[in-house]
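Engineer: task: produce atomic coordinates for the following.
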Amino acid sequence: MGKSEEAAHLFHRVQHAREFIEKNYYRDISVSDIAASAHLSPSHLTRSFSEAFSSTPYQYVIEIRLAKARQLLGDSLFSIEEIIQQIGFYSASSFIRLYKKRFGETPGSTRSKNIGHRIKIQRRNAL
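Structural biologist: Predicted coordinates:
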């Protein structure tokens, strides 16, 4: 196998790892689990994943979880605690800290804004 074929094969494995994360983000998955799904060692996966996507596998898991939380805060009536459990966080305080760092506001603020926006739309539609 030539270098370009090896690179393509490695990228395919790393892409598989990314898909594994997207399908399993809500579970308690480790870098070892992700690496096993791609048939790579954890260190090889982390290095290759970072090169391909400018993020470690762990960072990508967190990013997917936070994005899903933001979506659920806007589109569902689940409580923040229920959302935290659904997306795979086990600590409310770490979730809130990471959410605020990523989006610049607390989950409660996001929820309040979305509820206010929905009420305005409902009022407009009622007129």
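
Engineer: thinking residue 66 is in contact with residue 103, fair?
Structural biologist: Yes: using CB atoms under 8 Å, residue 66 is in contact with residue 103, at 7.4 Å. For every residue, glycine as well, the C-beta is placed using N, CA and C.

Engineer: and these two? Which one has more around it.
Structural biologist: With neighbours defined as other CB atoms under 10 Å, residue 66 and residue 103 compare such that residue 66 has more, 20 against 16.

Engineer: now name the helix or strand holding the closest residue in space to that one that isn't next to it in sequence.
Structural biologist: Excluding the flanking residues, the one nearest residue 66 by CB to CB, 6 or more residues apart in numbering is residue 102, at 5.1 Å. Using DSSP states H and E, residue 102 sits within helix 92-103.

Engineer: could you dump that helix to CSV, C-alpha only?
Structural biologist: Taking Å, rounded to 0.1, in the frame of the first residue of the first chain, the C-alpha atoms of helix 92-103 are listed here in CSV:
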residue,chain,number,x,y,z
ALA,A,92,-24.9,19.1,36.3
SER,A,93,-22.2,21.5,37.5
SER,A,94,-19.7,20.5,34.8
PHE,A,95,-22.4,20.6,32.2
ILE,A,96,-23.4,24.1,33.2
ARG,A,97,-19.8,25.3,33.3
LEU,A,98,-19.0,23.8,29.9
TYR,A,99,-22.3,25.1,28.4
LYS,A,100,-21.6,28.6,29.6
LYS,A,101,-18.0,28.5,28.3
ARG,A,102,-19.2,27.3,24.9
PHE,A,103,-22.3,29.5,24.4
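
Engineer: use 788 as the first number for this chain going forward.
Structural biologist: Right, with 788 as the first residue, what we last looked at is helix 879-890.

Engineer: mind listing what residue 885 touches?
Structural biologist: 849, 853 (CB atoms under 8 Å, 6 or more residues apart in numbering).
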